[in-house]
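1. with the input below, show me the fold.
(2 chains)
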Amino acid sequence: MNRSAKKTPSPLWGNVFQSLMKHKDQTRIDLISEIPIFQDLSRRELRTVSEILYDRTYEAGEDIFLADQPGAAMFIITSGKVTILLDSEAEHQTTTLAELGEGDFFGEIALLDNSPRSATARAITKTTMLAIFRADLDKLILNEPYIAARIMRQLAIVIGMRLKETNKQVARL
Amino acid sequence: MIMMTNPKNDPSVRTTRSRVFYTLAAIAGISVTIYLLFALSTLILPVLLGIVAAYICQPLLSLMYRNGMSRGTSNLILFGGFLLIIFMLVRYVLSLVPGEFEQLQLRVSIQQNINERYQSYMGLDENLHNGNMIHDFVGPEVDPMMDTFNQWLYVSEPNQEKLLEWAALQDPETETRVRNLVRRMTSLRLYTDPGILLSDRISFIEDEEEATVDDDGSMLLSMLNILSLWLIMPVMFLFFLVDNGQLRRGFVAIVPNTYFEMVLTVMENVDRAIGNYLRGTLIETLLMTITLWILLALIGFELGISFVLALISGIANAIPIFGMFIGIGICAIYALILDDVSAVIPLVTLENLILWTVAVHLVAQGIDNAVFKPFVLGKAVSLHPIVVFLGAIVGSILFGFVGLLFAIPAIVILKEIVGTFYRQLKAYFLIY
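-> Residues are numbered from 1 along each chain as shown, chains lettered A, B, ... in the order given. You can find the predicted model right below:
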């Protein structure tokens, strides 16, 4: 009983904001721990990673980025759906390359170089996402190479799988 | 019947309202910032120095972090080091500040030295007659200024007595010296009217005398005021050192989605450019301080004093164009008040010390432009000279010395922000 009394914050000086912030931090870490590219990381490492993630919310139909824009960040979907579109100038039509949902990520090439985006990403429903900025990942590689290496490994696995899938599609054509 | 539009169903209404809200919020924010800048102008220098110091320490923090130190320990070590440097600097500067009677002695000594030099340069005899060609040319302008200067430095009779009483308690050499200085001061004549003694012309205000006697209390109070103002510097340093990107994330959180990636890129580019500029300027300042310290010591300035003068000149050197003149001015004033000089370079005498001071600064500037700047700063500062000139003037008019010191870094930062922002707006197809 005493123990529980100790844990309860005082009504006057209960540091309400601190406990709220802690709760928010925990929720955020729980959220990113379920994302495949962060699955190898411990909670301490997840806390470090969470410090370089930006929360973004997009309305249905809102463009996340357009093809040919410079790419600077990778996006991880935490809720909602996103479509990846390719505009064909010759045929004046738009092809849907993929539809992505919770836990998926896209725009990963932006983390590797600053080449323009190869396709357009658009939110289908109201979508919340976490964004990783290239420069922040570069700093993570310098400061926390162990964490960064495991993220990059997961990234490489997913990129490899996507390449294999593309090869299969090309072969079918 | 009035039909109310539900903004949830009408995006255009929502967009318009958002625009109005954000525009008003931005105007209010900018207005409050400008008002606070002027209202709290005394805080600008300590706040900026704290932020700049924290910014400069970031690579060091990363290095410590990379080498296995925890963030908390790294912050603690850097903060401790920062406090230690400030403490040592303040202690050193305070040790150079003379006491009440030393100040009076210095005042009389400065007056004596400057009058001697002036009379020597102008070719004036003891009765202030027979000036040379230079005196014929500049005398009518400078003589009244010298009289004003002498009146300003003149020590009142009660204080003269106090000074002589103090000198009587010192060693015989000091006593003789002080007695001679006081005697010479009381026999000073007006340059504009050599027939009249300076002491006859001076009418002292009694209040001023009382203020001198009771100065201790108010001086302590003003020192405490200054100290309390400067306490904000280590606080700002610590705040920005431990920040770890929260401020940046807070700012990015309010950026609309359309500009999200662009703003991140702009911030990164600007951060890199400012970091390079500030760290480059710091290294340049250190190198210039060391160079000037050696050169000033070579022409006979005492080592401790030459370090302080070199440090001031080195910091002032960060102000393009004007900086060198500030450095020369301060060193020249010191050269004027020196009683004696024993230089390593044999040609240096008390009479030509000012010329040597100017020469030393010119040599240091030459080394700075030929060696330090190209290697340390590269092309970090590529401002047109007229921009530098006008920027420094506008900065000094608005914020005094702080404005003069920070005008050029502010312009460099602004130029980088505007330039990068413009390039990125085009790259993200947001403008043509």
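2. just checking, B:Leu198 touches B:Tyr191?
-> No - in this structure, B:Leu198 is not within contact of B:Tyr191 by CB atoms under 8 Å, at 9.4 Å. The way it works is simple: take the backbone N, C-alpha and C, and place the C-beta from them, glycine included.
3. which residues are common contacts for the two?
-> Shared contacts of B:Leu198 and B:Tyr191, defined by CB atoms under 8 Å, 6 or more residues apart in numbering or on different chains, comprise B:Asp147.
4. so which of those two has more stuff around it?
-> B:Tyr191 (24 against 19; other CB atoms under 10 Å in any protein chain shown).
5. how about that one: what's its closest non-neighbour residue?
-> B:Asp143 (3.8 Å; CB to CB, 6 or more residues apart in numbering or on different chains).
6. ok, now how distant is the one you found from chain A?
-> 64 Å (CB to the nearest CB, to the nearest Å).
7. next: B:Ser396.
-> Taken as CB to the nearest CB, the span from B:Ser396 to chain A is 36 Å.
8. list the residues that contact that residue.
-> Counting by CB under 8 Å, 6+ apart, B:Ser396 makes contact with B:Gly403, B:Leu404, B:Ala407.
9. could you rerun that using 7 Å?
-> By CB atoms under 7 Å, 6 or more residues apart in numbering or on different chains, the contact list for B:Ser396 reads B:Gly403, B:Leu404.
10. which residues of chain A lie near chain B?
-> Proximity of chain A to chain B, by CB under 7 Å from any CB of the partner chain, involves residues A:51, A:54, A:56, A:58, A:62, A:65-66, A:69-70, A:72-73, A:133, A:135, A:142-143.
11. so which of those residues are in helices?
-> Taking DSSP state H, the ones among these that sit in helices are A:Ala135, A:Leu142, A:Asn143.
12. what helix or strand is the residue nearest to B:Tyr191 located in?
-> helix B:133-153 (DSSP states H and E).
13. who's in contact with that helix?
-> Residues from elsewhere that reach helix B:133-153, judged by CB under 7 Å, 6+ apart: B:107, B:110-111, B:118, B:121-124, B:131, B:188, B:190-192, B:198, B:202.
14. and stretch B:408-425, by the same measure?
-> With contact meaning CB under 7 Å, 6+ apart, stretch B:408-425 is reached by B:262, B:265-266, B:269-270, B:273-274, B:277, B:319-320, B:381, B:383, B:387-388, B:391-392, B:431.
15. please apply the same query to stretch B:113-129.
-> Under CB under 7 Å, 6+ apart, the answer for stretch B:113-129 is B:130-132, B:134-135, B:139, B:146, B:188-189, B:191, B:194, B:336-337, B:339, B:351.
16. buried stuff in it?
-> For stretch B:113-129, a neighbour-count test (16 or more other CB atoms under 10 Å in any protein chain shown) marks B:Asn113, B:Ile114, B:Asn115, B:Arg117, B:Tyr118, B:Gln119, B:Tyr121, B:Met122, B:Leu124, B:Leu128 as buried.
17. do I have it right that B:Ala167 meets B:Thr174?
-> Yes - the pair B:Ala167 and B:Thr174 qualifies as a contact (CB atoms under 7 Å) at a distance of 5.9 Å.
18. does B:Thr42 touch B:Trp230 like I think?
-> No - the pair B:Thr42 / B:Trp230 is not scored as a contact, 10.0 Å apart, by CB under 7 Å.
19. which of those two has more neighbours?
-> With neighbours defined as other CB under 10 Å, B:Thr42 and B:Trp230 compare such that B:Trp230 has more, 16 against 12.
20. before I go, just wanted to say thanks for your time.
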